[in-house]
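1. sequence plus the predicted model coming up.
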Amino acid sequence: MSKITRLKSFVNLESSAVAQQQNLGSINQYVLNMRQVKVNSKTRKNILSIDNFAVRPGELVAVLGPNGAGKSTLLRTINMLQPYCGEMQLFGQDVRNANQTLLRRRSALVFQETLLLDDTVFNNVARVLQFRGVPKHQIKHRVYTVLETFGCEHLAHRQARALSGGEGKRVCIACGLVADAELLLLDEPSASLDVAIRPQIIEKIRQWAQARGAAVILVSHNFTDILHFADRAIALFDGCIVQDDKLETLIRRPANQQIARLVGMDNIIKCQLQPNKHGYLIKLANSIEFSYFGEVKTPITACCLSGDAFYIDDASYSIPYQSGMVTIEGRVERIVRGIGTRTIRVKVGEETLTARVPRSDISDNVYHNAMIKLAFNPKDAHFV
Ligand SMILES: Nc1ncnc2c1ncn2[C@@H]1O[C@H](COP(=O)(O)OP(=O)(O)OP(=O)(O)O)[C@@H](O)[C@H]1O
């Protein structure tokens, strides 16, 4: 696909009938609704295989998945740049029967790669508005507003080809957002941005979208971005949505071990369970046993425990009493300093557990090779 063709995904040449189509869209419940959508190539089947995926106006959805899971293909399909079979509605209209140029004008895709025309930064951003028929007198103000928001007004008269990777990325974000699209598709928007500016840019995208009621589908490998950004997340593996949940649920209650690894679950411990009178007896690989009274969807093979589920029983901080707490003894292998927290790796039997605790909860008694006591509430365990 040529650079120009791709750029046309967020700019296009028709200007009439936009208002009419926008009015039609405003009564729709979903900005996107996909059913049984499949993407195949000559050489590969099911690059994407989506049973059901719908997004409401204003929703902020993150897409997680390992390399090659189909995340970019999903965004390209939604942006009508990818042939597919199945049913897809955008703004309540069946994509196959609608004017795709007009539909595409209501969404914007920021590509993983920096795609800018060989012109000044100002002209790159302005062209998005010109192609959408925005009156000339509004263009300058809107271009400078978006450039200023993303910290690149000083680049306005620079040639796009002379920008650094991070500058180029910010200008691409400005190009994607300037037209106030109702659906923003962002493919790794923070890649190549420096660590200091990354959270600000992600937050500004979120504010920009929320102020305009735009829905956003954000693809990112950066978990911090996702935590700051999204309310809902989908996990994509081999082209399929394996979990679609509130972000908090996906992090705390991942549907399987693959997702638990993807979201950085600190402890995924092999386990067996035996039903007993009141619930289950859980036997972890490191010989820890505890009773669990919640529901478990069998079969299960592992117990997930987030690092922040642990308490440290230390001279400076004793474990608050909670009925059924499980206490474990182990040897400290490593202490990693973080801002306000400590990550402590503790060898218990054959397993090493990872606990994340506030810095104030541990004293000098916790040091390399020290024997310490850890505790967790079985309610915080999750089984996959
Ligand atoms: N036209 C095609 N023909 C064959 N395979 C393809 C085609 N397009 C994409 N793929 C394959 O489909 C898979 C999904 O690609 P995609 O770029 O969507 O992954 P991704 O999740 O965005 O990956 P990453 O995180 O690395 O960016 C990859 O294995 C890719 O090689």
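-> Arrived safely, thanks for sending. Numbers count the residues shown, from 1 in each chain.

2. and Leu115, how many neighbours does it have?
-> Leu115 has 19 neighbours, counted by other CB atoms under 10 Å. For the C-beta atoms, the positions are set from N, CA and C on the backbone; glycine is no exception.

3. can you tell me the SS state at it?
-> Secondary structure, DSSP: H, G, I helix; E, B strand; the rest coil: Leu115 is coil.

4. start at 22, not 1
-> Taking 22 as the first residue, the last one we looked at is Leu136.

5. can you check the pLDDT for whatever residue of the stretch 272-405 of the chain ends up closest to the ligand?
-> Nearest residue of the stretch 272-405 of the chain to the ligand, counting by CB to the nearest ligand atom: Leu283, 11.5 Å away. According to the prediction, Leu283 has pLDDT 92.

6. what's the spatially closest residue to it that is not a sequence neighbour sitting at in phi/psi?
-> Excluding the flanking residues, the one nearest Leu283 by CB to CB, 6 or more residues apart in numbering is Leu85, at 5.7 Å. Backbone torsions for Leu85, taken as degrees, to the nearest 10, come to phi -110, psi 150.

7. tell me the contacts of the residue of the stretch 272-405 of the chain closest to the ligand?
-> 85-87, 256, 275 (CB atoms under 8 Å, 6 or more residues apart in numbering).

8. can you pull the contacts of the spatially most central residue of the chain?
-> Nearest to the geometric centre of the chain sits Ala83, at 3.2 Å (CA atoms, centre = their mean). The contact partners of Ala83, by CB under 8 Å, 6+ apart, come to 239-241, 247, 250-251, 253-255, 268.

9. and the protein, what are its domain boundaries?
-> 24-273, 289-404 (automatic domain parsing).

10. need the winner for burial among the ones you listed.
-> When neighbours are counted by mean count of other CB atoms under 10 Å, the highest per-stretch mean among the domains of the chain falls to domain 24-273, a mean of 18.

11. please compute how far that domain lies from its chain's middle.
-> Distance, stretch centre to chain centre, for domain 24-273: 13 Å (CA atoms, centre = their mean, to the nearest Å).

12. can that domain be found next to the ligand?
-> Yes. Contact of domain 24-273 with the ligand (CB under 6 Å from any ligand atom) involves 62, 64-65, 68, 86, 88-94.

13. what does stretch 267-281 rub up against?
-> Contacts for stretch 267-281 (CB under 8 Å, 6+ apart): 83, 85, 247-248, 251-254, 256, 258, 263-264, 266, 283-284, 286, 289, 322-323, 325, 327, 403, 405.

14. and the contacts of Ala83 as CSV, adding pLDDT and secondary structure?
-> Listed next are those as CSV, based on pLDDT from 0 to 100; DSSP: H, G, I helix; E, B strand; the rest coil:
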residue, pLDDT, secondary structure
Leu239, 97, strand
Val240, 96, strand
Ser241, 93, coil
Ile247, 92, helix
Phe250, 94, helix
Ala251, 96, coil
Arg253, 97, strand
Ala254, 97, strand
Ile255, 97, strand
Leu268, 95, helix
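
15. please enumerate the helices of the chain.
-> 24-28, 39-46, 92-99, 121-126, 142-152, 157-170, 186-198, 219-233, 244-250, 268-273, 278-283 (DSSP state H).

16. worst mean pLDDT among the ones you listed?
-> helix 39-46 (a mean of 43).

17. the longest strand in the chain is where?
-> Assignment by DSSP state E gives strand 347-358 as the longest strand of the chain.

18. name the helices or strands packed onto it?
-> strand 362-369, strand 372-379, strand 392-397 (3 or more CB pairs under 8 Å, 6 or more residues apart in numbering; DSSP states H and E).

19. and those strands as CSV, adding mean pLDDT and distance to the ligand?
-> Shown next, in CSV, are these (pLDDT from 0 to 100; distance: least, CB to the nearest ligand atom, whole Å):
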stretch, mean pLDDT, distance to the ligand
strand 362-369, 94, 26
strand 372-379, 94, 25
strand 392-397, 92, 33
